[in-house]
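>>> okay, here's the prediction I keep looking at, along with the sequence it came from:
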Amino acid sequence: MKRDKAMVAQLTEVFSQQAIQACLETESQACFYICDSLHDDVNEKTFIVTTETEQGFKIINSQQKTIYHLPIDHCFFEHVTMYQGKRCDCIIFDDTYFCFVELKLNVISYRKATDKADETRKQLGAVIEYFKNSFQTATKDFLAYNLEAYIVMQSRIYPRHRARLNLIQGRFLELYGVKLFEKNEKEF
């Protein structure tokens, strides 16, 4: 069984109380976007957009592989009463990368980006720990996937390359065993 199919089966088994199949979407276009509402007061799950937009997480899929999109907030955790922690927006994966993603598309200034990034790392870390603990309890693992986490803001906020960011990324890797990126695109 291919690794991506094995991951879908594993997610379905480990999280049998959640609606994995109802939430999971796939896309294989060469380029598409993961988007959410730009309004803080609107609670909706992330979704795939296949037309160009500046308001999303750009997925570059030059090999046109199957990419999986699992909305976490407002779908995966919709029926979970035991988890009340912070949540990231979604997970995207193929047969090599498993990525935890938090979209902060309403951030429009560098100052606000710094404030939101601190909160966002906590959201990502909480979901990473939840998945790791759930897999461990079910004696499963991440099937040798490359684990990544993304903080996605509008393109005019980037690049935010500073020495402090390098320290933060190193600490995140130490804490969660996951590489952290602040950028608005991912190439599979």
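Perfect, I can see it now.

>>> longest helix in the protein, by number of residues?
helix 110-137 (DSSP state H).

>>> which strands and helices lie in contact with whichever helix or strand comes after it?
Per DSSP states H and E, the first helix or strand lying C-terminal to helix 110-137 is strand 146-152. Here strand 146-152 touches strand 97-103, helix 110-137, strand 179-182, going by 3 or more Cβ pairs under 8 Å, 6 or more residues apart in numbering; DSSP states H and E. C-beta here means a position set from N, CA and C on the backbone, and glycine is covered the same way.

>>> next, the angle strand 146-152 makes with the longest helix of the chain.
150 degrees (axes from the mean of the first three to the mean of the last three Cα atoms, to 10 degrees).

>>> what's the angle between helix 110-137 and strand 97-103?
140 degrees.

>>> and stretch 77-86, how far apart are its ends?
Taking Cα to Cα, to the nearest Å, stretch 77-86 runs 11 Å from one end to the other.

>>> quick check: mean pLDDT across it?
In this model, stretch 77-86 carries a mean pLDDT of 67.

>>> with stretch 106-115 instead?
On average, stretch 106-115 scores 66.

>>> before we move on, back to that, quick one: which of the helices and strands packed on strand 146-152 is nearest A144?
strand 97-103 (10.0 Å; Cβ to Cβ).

>>> so for that closest one, what's the average pLDDT?
pLDDT averaged over strand 97-103 gives 96.

>>> and it, what does it pack onto?
Strand 97-103 packs on strand 31-35, strand 90-93, helix 110-137, strand 146-152, going by 3+ Cβ pairs under 8 Å, 6+ apart.

>>> and these, which is most packed in?
strand 90-93 (a mean of 26; mean count of other Cβ atoms under 10 Å).

>>> contacts for it next, please.
For strand 90-93, contacts defined as Cβ atoms under 8 Å, 6 or more residues apart in numbering pick out 4, 7, 34, 45-46, 59, 67-73, 98-101, 103, 145, 186.

>>> okay, and L167 sits in which element?
Going by DSSP H and E, L167 is in helix 163-176.

>>> which residues does I151 form a beta bridge with?
I151 has these beta-bridge partners by DSSP bridges: E102, E182.

>>> residues in contact with it?
102, 104, 117, 120-121, 124, 180-182.

>>> got a markdown table for the residues you listed, with distance to S28 too?
Listed next are the contacts of I151 as a markdown table, based on distance: Cβ to Cβ, whole Å:
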| residue | distance to S28 |
| --- | --- |
| E102 | 24 |
| K104 | 27 |
| A117 | 31 |
| T120 | 28 |
| R121 | 31 |
| L124 | 26 |
| L180 | 27 |
| F181 | 23 |
| E182 | 27 |
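
>>> so which of those is the closest to M153?
K104 (5.0 Å).

>>> neighbours of that closest one, how many?
By other Cβ atoms under 10 Å, 20 other residues sit near K104.

>>> same thing with Q63?
Neighbours of Q63 using other Cβ under 10 Å come to 10.
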